[in-house]
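>>> got a structure for you, letters missing:
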């Protein structure tokens, strides 16, 4: 009946190590910056590894066109692309820690986003 308690202790130790590694990966992700642009580089967005918008750069030529709708779409496209890149990098990094296991609530560790 108690012969599997040794295995339980090993599993607990592995879980604690995984938790520690996930904390380290999250800290590493916060330092990463993912950049994407739209409109041939007219709008560029930078997002950190937790999916938090860090910066938007807009080429002055876009503003001169006085087409606000186009500018809004370019900003949206650049931010969405940078955010997607950030999410993919985070999922890959955390997936390496978990060995590909699907862990409930893991997406919550990836950050706030938009």
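Yep, that arrived. Treat the numbers as computed from the prediction; the structure is a model and nothing was measured.
>>> alpha carbons only for contacts and neighbour counts from here, please
Will do.
>>> could you point out the longest helix in the chain?
Counting residues, the longest helix found in the chain (DSSP state H) is helix 68-98.
>>> Does anything pack onto the helix or strand of the chain with the lowest mean pLDDT? Which helices or strands?
Sorting the helices and strands of the chain by mean pLDDT, DSSP states H and E puts helix 5-31 at the bottom, at a mean of 82. Counting contacts by 3 or more C-alpha pairs under 8 Å, 6 or more residues apart in numbering; DSSP states H and E, helix 5-31 packs against strand 43-48, helix 68-98.
>>> and with 7 Å instead?
On a contact count with 3 or more C-alpha pairs under 7 Å, 6 or more residues apart in numbering; DSSP states H and E, helix 5-31 meets helix 68-98.
>>> If you count neighbours, what's buried in the helix it packs on?
The neighbour-count criterion (16 or more other C-alpha atoms under 10 Å) identifies 71, 74-75, 77-87, 89-91, 93-95, 97-98 as the buried residues of helix 68-98.
>>> Perfect, I'm done here.
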